[in-house]
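Following is a predicted model, sequence given first.
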Amino acid sequence: MKIAIYGAGNCGEYIIREIKEAKKSNIEAMLFIDNNPIYKDKDKYGIPIVDLEGFIKCYCKTVEAVLIAVSDELVAQELAVSLLNKDYKNIYLIPEALWTGKLPVLNSNGGLAVYIKHISDMKPVLPYVEYHVSDFCNLKCRRCGHFSNLVTEKKFPDIIEFENTLKGLQQKFRNVKSFRLMGGEPFVNPDLGLFIYKVREFFPYADIRVVSNGLIIPQAGQETVEAIRKCGVIIDISQYPPTRDMIEKILQFSWDNNLKIQIEEKITRFFISMGANISENYEEIYSKCMSRKCHFLRGENLYACPGVILLFENKEFLEIDVNKNDVIYNSFNLISGNEDGWDIMKAFLSPFTFCKHCTDMEWHNWEPSKGKVDRKDWIINN
């Protein structure tokens, strides 16, 4: 089999050595693919190095398969998607264990080892997802990016709907790297522990975080505390000024209950990014956006970012025109949708049209909401 190796660094070199030193090999490495300009017009082991465009233009019809030679599984996944976006689909992913354990690349018959999988036999990993266990927040920040300062009633998602959505997510992704339960303020929800148990049930290897302002953590019920401990959850504490004022009490409660916490640096500023006018250059906005990989789970749907659904839900207050078809186009139904995980990753790693509602970020000092909330708090006159 004639192959290309995507990645000309140490991992790519390891594959070449394994092929060359094997007692029997049915694999021939034709070239490296690498987009790093330092490799332009160069070769390794007598094998030429070309960038992705060069591969597609000159080699994709003669190379039978591409092996992704990168140790970071999320980077490897992005490289695989870059090939899929060029309609090249005969791609193999290499497990992290091969690199850490220096495992053989080839089997005794000279073919690829069984743990080197074609992407059609391997679901991708979703790098990151957020989920509101509560839209309501006890700390109402002005210009809240999730519009929690507009929420006046404590209404919480249905745990059965959440379980069904997780089933759909599990069918499309083999793991979620980082799963953040947030809001609003998650500790407002008395059933927070049930949501934690469900995430751990469906994604046993996920890094689960509960994102909190910390103010009511010392009031957490024993069931919630036990779920956090049993499921190995870390509490990410957003250090707002009121949080800082009672940080000793928060830390003492966490230590007394053996809770793992991670405290962010003091928050002094909030940004807004919604433009008063629709932008035609959504690709540039996407490239600058801090939230472009903050995928958002709500109801049965997975959204490219929170803004897709949250702007739609608050469009009347914001007095903006958000087309429902735009929302549908930039989301995936995990229950009834036919797309697989690779289809979703292709969409999420590309600029999405909903970015037209945003513009360059504008920073403001953090402050609590006072009096009537003004739609202008979220809108930049671009």
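Nice, thanks for sending it over.

show me the contacts for the nearest residue to residue 342 once chain neighbours are set aside.
Excluding the flanking residues, the one nearest residue 342 by CB to CB, 6 or more residues apart in numbering is residue 124, at 5.8 Å. The way it works is simple: take the backbone N, C-alpha and C, and place the C-beta from them, glycine included. The contact partners of residue 124, by CB atoms under 8 Å, 6 or more residues apart in numbering, come to 77, 80, 173, 174, 341, 342, 344, 345.

per-residue confidence for the residue nearest to the fourth one when sequence neighbours are not counted?
Distances taken as CB to CB, 6+ apart put residue 123 closest to residue 174, at 4.2 Å, once the chain neighbours are dropped. In the prediction, the pLDDT value recorded for residue 123 is 97.

helix/strand/coil for the residue nearest in space to the middle of the chain?
The residue lying closest to the centre of the chain (CA atoms, centre = their mean) is residue 128, at 2.5 Å. Following DSSP: H, G, I helix; E, B strand; the rest coil, the label given to residue 128 is strand.

cool, residue 200 as well?
Look at residue 200: counting by three-state DSSP, its state is helix.

I'd say it and residue 231 touch.
Yes: the criterion here is CB atoms under 8 Å, and residue 200 meets it with residue 231 at 4.1 Å.

any shared contact partners between those two?
Shared contacts of residue 200 and residue 231, counting by CB under 8 Å, 6+ apart, come down to residue 208.

The longest helix seen in the chain: how far from the chain's middle?
Once the chain is assigned using DSSP state H, the helix that runs over the most residues is helix 159-172. With CA atoms, centre = their mean, to the nearest Å as the basis, helix 159-172 stands 17 Å off its chain's centre.

Now that helix: average pLDDT?
98.

and for stretch 43-61, what are the contacting residues?
Counting by CB under 8 Å, 6+ apart, 4, 8, 12-13, 16, 20, 29-35, 39-40, 42, 63, 82-83, 86, 88 sit against stretch 43-61.

ok, which stretches of the stretch 51-200 of the chain are strands?
Listed in chain order, the strands of the stretch 51-200 of the chain (DSSP state E, counting those that start in this stretch) span 65-68, 91-93, 117-118, 125-134, 175-183.

Now do the longest one against strand 175-183, angle only.
Here strand 125-134 points in a direction 20 degrees away from that of strand 175-183 (axes from the mean of the first three to the mean of the last three CA atoms, to 10 degrees).

what helices or strands is strand 125-134 leaning on?
In this structure, strand 125-134 packs against helix 73-84, helix 159-172, strand 175-183, helix 192-202, strand 296-298, helix 341-348, with contacts taken as 3 or more CB pairs under 8 Å, 6 or more residues apart in numbering; DSSP states H and E.

pretty sure residue 73 is touching residue 94, no?
No: assessed by CB under 8 Å, residue 73 is found out of contact with residue 94, at 9.2 Å.

mind checking pLDDT for residue 264?
Per-residue confidence at residue 264 stands at 94 (pLDDT).

ok, it - contacts?
Contacts of residue 264 by CB under 8 Å, 6+ apart are 236, 237, 238, 239.

one more time with 6 Å, if that's ok
Residue 264 sits next to 238, 239 when contact means CB atoms under 6 Å, 6 or more residues apart in numbering.

and if you look at residue 274?
By CB under 6 Å, 6+ apart, the residues touching residue 274 are 357, 358, 378, 379.

Please identify the helix or strand for it.
In the assignment (DSSP states H and E), residue 274 maps to strand 269-275.

What are the buried residues along the next helix or strand after that strand?
The C-terminal neighbour of strand 269-275 among helices and strands, as given by DSSP H and E, is helix 282-288. Neighbour counts over helix 282-288 (16 or more other CB atoms under 10 Å) mark 282, 285, 286 as buried.

Show me what helix 282-288 is in contact with.
Defining contact as CB under 6 Å, 6+ apart, one finds that helix 282-288 is touched by 279, 292, 351, 355, 356, 358.

Repeat the analysis, applying 7 Å as the threshold.
Under the contact criterion CB atoms under 7 Å, 6 or more residues apart in numbering, helix 282-288 has outside partners 279, 292, 351, 352, 353, 355, 356, 358, 359, 360.
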